[in-house]
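**Student:** for reference, the sequence and a predicted model appear below.
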Amino acid sequence: MIRVFFFVRRYRDAILGNPECFKDKVVLDVGAGSGILSMWAAQAGAKRVIACEFTKMASHAKALVKANGLDRVVEVKESAVETLDLEKGEVDVIVSEWMGYFLLRESMLDSVIYARDNYLKEGGALFPNRAALFFAPASLHAERDLKLAEKADAMADWDAFMSETKHEFGVDVGVLRAPYEVEQDDYYLKQALWMEMRDDMLAAPPACVGIIDLDTCSLAESRGVADAPFKFPVPLDPGQDTGDSTSLQRGCFRSNVRERDAWHASRSPRGMIARPKMSQNEWKTTEIRPF
């Protein structure tokens, strides 16, 4: 995360721009990584920050915290959040960069929900506490054609292997061609991928397909979103190479901090994170191929 400066700035602005949400608070950072969110929480005035990181990255986070003179406030724990020795209500604020590709893939939302239900005080705050998922059709015909060509090359290699095996060894492996082609379709044509996109690559405005309220969502709700009908005024024909056709579906997300009456009725917290509008700095935009 620390290398994705656009995204990092959004978190920084949300935390340091709202010091009243952190002053004299106990903060839990779920999946702390380098500890950057924990250090900002300390700089915003938190009296105690628990930086929970399951991987060996925790040792680097400890070094960074100490090097920045924040080790009296920030305590780095190499632990799963589910095994922390914390009581219910001991935490005032949870911060986390939990988002995965297209928000939910390989995300840590389940750990954030566990921390909310088991450690966060009544009326406590989550940064962020709301997320939305979007679909939009995109016109990337050259990228599509490249993947089709790569799949064709893979099948040509298989055909050459099949012919050579029969000629040299007298063994016909042709019966395996169909399942091999299914594997190549999956590898080249059906895998989502991350890439940066611009507004001019969109064939239609994004449609919201799901909203997650972290203050209330259940573990079951964190595993996906309900069906959300939507349509786009463009053809979904992978063979139609016109300017207004689409070669894939773009999925992206945004997340933000929404005011909760229980902790700041006077004003909404400033700031955050990743808009649905296209930009070269868009965070974790996922492309889903329709062919």
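**Tutor:** Ah, there it is.
**Student:** can you pull out the low-pLDDT segments for the stretch 101-250 of the chain?
**Tutor:** Low-confidence segments of the stretch 101-250 of the chain (pLDDT under 70): 105-106, 192-197, 225-250.
**Student:** how does it look with 90?
**Tutor:** Applying pLDDT under 90 to the stretch 101-250 of the chain flags residues 101-108, 128-145, 189-213, 217-250.
**Student:** now do the helices in it.
**Tutor:** Secondary structure of the stretch 101-250 of the chain (DSSP state H, counting those that start in this stretch): helices at 109-118, 141-169, 177-189.
**Student:** who's in contact with the last one?
**Tutor:** The one in question is helix 177-189. Outside of helix 177-189, the residues within contact range by Cβ atoms under 8 Å, 6 or more residues apart in numbering are Lys147, Leu148, Glu150, Lys151, Ala154, Met155, Trp158, Asp159, Met162, Arg289, Phe291. Every C-beta, even on glycine, is put in place using the N, C-alpha and C of the backbone.
**Student:** need these in JSON lines with distance to Ala204 and neighbour count, can you?
**Tutor:** Shown next, in JSON lines, are the contacts of helix 177-189 (distance: Cβ to Cβ, whole Å; neighbours: other Cβ atoms under 10 Å):
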{"residue": "Lys147", "distance to Ala204": "22", "neighbour count": "20"}
{"residue": "Leu148", "distance to Ala204": "23", "neighbour count": "14"}
{"residue": "Glu150", "distance to Ala204": "27", "neighbour count": "14"}
{"residue": "Lys151", "distance to Ala204": "27", "neighbour count": "16"}
{"residue": "Ala154", "distance to Ala204": "32", "neighbour count": "17"}
{"residue": "Met155", "distance to Ala204": "33", "neighbour count": "16"}
{"residue": "Trp158", "distance to Ala204": "37", "neighbour count": "17"}
{"residue": "Asp159", "distance to Ala204": "39", "neighbour count": "12"}
{"residue": "Met162", "distance to Ala204": "43", "neighbour count": "18"}
{"residue": "Arg289", "distance to Ala204": "17", "neighbour count": "18"}
{"residue": "Phe291", "distance to Ala204": "18", "neighbour count": "14"}
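**Student:** now, which of the residues you listed sits nearest Ile15?
**Tutor:** Nearest to Ile15 among those: Arg289, at 37.0 Å, using Cβ to Cβ.
**Student:** quick one, grab the pLDDT at that closest one.
**Tutor:** At Arg289, the pLDDT value in this model is 42.
**Student:** one more: Phe7?
**Tutor:** What the model reports for Phe7 is a pLDDT of 71.
**Student:** can you give me the distance of it to His141?
**Tutor:** Here Phe7 is placed at a distance of 29 Å from His141 (Cβ to Cβ, to the nearest Å).
**Student:** give me the more crowded residue out of these two.
**Tutor:** Neighbours were counted for Phe7 and for His141 using other Cβ atoms under 10 Å; Phe7 has more, 20 against 17.
**Student:** mind listing what's buried in the helix or strand where that one lies?
**Tutor:** Assigned by DSSP states H and E, Phe7 belongs to helix 5-16. For helix 5-16, the neighbour count (16 or more other Cβ atoms under 10 Å) marks Phe7, Val8, Arg10, Tyr11, Arg12, Ala14, Ile15, Leu16 as buried.
**Student:** so which elements touch that helix?
**Tutor:** Counting contacts by 3 or more Cβ pairs under 8 Å, 6 or more residues apart in numbering; DSSP states H and E, helix 5-16 is packed against helix 36-43, strand 120-127.
**Student:** can you redo those as a markdown table with distance to Ala178 and mean neighbour count?
**Tutor:** Listed next are the helices and strands packed on helix 5-16 as a markdown table, based on distance: least, Cβ to Cβ, whole Å; neighbours: other Cβ atoms under 10 Å:
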| stretch | distance to Ala178 | mean neighbour count |
| --- | --- | --- |
| helix 36-43 | 50 | 25 |
| strand 120-127 | 49 | 20 |
